[in-house]
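1. Generate a structure from the sequence data that follows.
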Amino acid sequence: MDGQRLGRIVIGLFGKVVPKTVGEKGKGTSGKPLHYKKTPFHRIIPGFMIQGGDIVHGDGKGGESVYGGAFPDESFKIKHSHAGVCVVSMVNSGPDSNGSQFFITTVKASWLDGEHVVFGKVIQGMDTVYAIEGGAGTYSGKPRKKVIIADSGEVPKNKGEEDTAKLQEFASKHRRFNL
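-> Residues are numbered from 1 along each chain as shown. Predicted coordinates:
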């Protein structure tokens, strides 16, 4: 935040439920690799969520997909109301308009059920999510401090075993996820 590192956020993905949504890897229609490295959290609302993933403009007006533009809602099987807080969902502007933008909830958000595709859950770094929310959030959503994703990618399996165990524990408590 404003150039200071806050910590790492690790997100467990629900690939068995929404494989196309979590399979958003590779190159976009522009031919450039799709990743979140050096992109901002451009919308931060205390008591609700932090939003990022605009890999085109960095301001919430853009996004890209390996599927060419927007792609359809894959499944609403995983509910914000069941998954709790620190749920990771797709940003959209209506049905079937998913791109690269995502948000992480900081409250249980049942009103989003059936509107936004849940594709993951924070399994490590929830304190970092809350630090971003509290340190940069405003009720208008425009961050009062700059929050940039320093790096992004998959956690190597040997480093992610503990994280995988946390996700499996979560899934066993919530059998509807079928992980």
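2. And the helix or strand hosting residue 129, how far out from the chain middle?
-> Following DSSP states H and E, the helix or strand that holds residue 129 is helix 126-136. Using CA atoms, centre = their mean, to the nearest Å, we find the averaged C-alpha position of helix 126-136 to lie 14 Å away from the chain's own average C-alpha position.
3. quick one: the strands in this structure?
-> With strands called from DSSP state E, the chain shows them at 10-13, 41-45, 49-52, 87-90, 102-105, 118-124.
4. which helices and strands does the first one pack with?
-> I take that to be strand 10-13. Helices and strands touching strand 10-13, by 3 or more CB pairs under 8 Å, 6 or more residues apart in numbering; DSSP states H and E, are strand 118-124, helix 157-173. Quick note: C-beta positions are derived from backbone N, CA and C, even for glycine.
5. swap in the second one?
-> Helices and strands touching strand 41-45, by 3+ CB pairs under 8 Å, 6+ apart, are strand 49-52, helix 126-136.
6. Dump the ones you listed to a markdown table, plus distance to residue 89.
-> Below are the helices and strands packed on strand 41-45 laid out as a markdown table (distance: least, CB to CB, whole Å):
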| stretch | distance to residue 89 |
| --- | --- |
| strand 49-52 | 9 |
| helix 126-136 | 13 |
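7. Nearest to residue 37, out of those?
-> Checking the helices and strands packed on strand 41-45 against residue 37 by CB to CB gives strand 49-52 as the closest, at 11.4 Å.
8. Return the most buried member of the helices and strands packed on strand 41-45.
-> Taking mean count of other CB atoms under 10 Å as the contact definition, the stretch among the helices and strands packed on strand 41-45 with the greatest mean neighbour count is strand 49-52, which reaches a mean of 25.
9. For that one, which strands pair with it and how are they oriented?
-> Using DSSP bridges, the strands paired with strand 49-52 in its sheet are strand 41-45 (antiparallel), strand 102-105 (antiparallel).
10. To residue 8, which of those strands lies closest?
-> strand 102-105 (13.5 Å).
11. What is the burial count for residue 47?
-> The burial count assigned to residue 47 is 10, neighbours taken as other CB atoms under 10 Å.
12. Ignoring the adjacent residues along the chain, who's closest to residue 119?
-> The shortest distance from residue 119 to any non-neighbouring residue, by CB to CB, 6 or more residues apart in numbering, is to residue 21 (4.5 Å).
13. Was I right to think that neighbour contacts residue 77?
-> No. Counting by CB atoms under 8 Å, residue 21 sits too far from residue 77 to count as a contact (11.4 Å).
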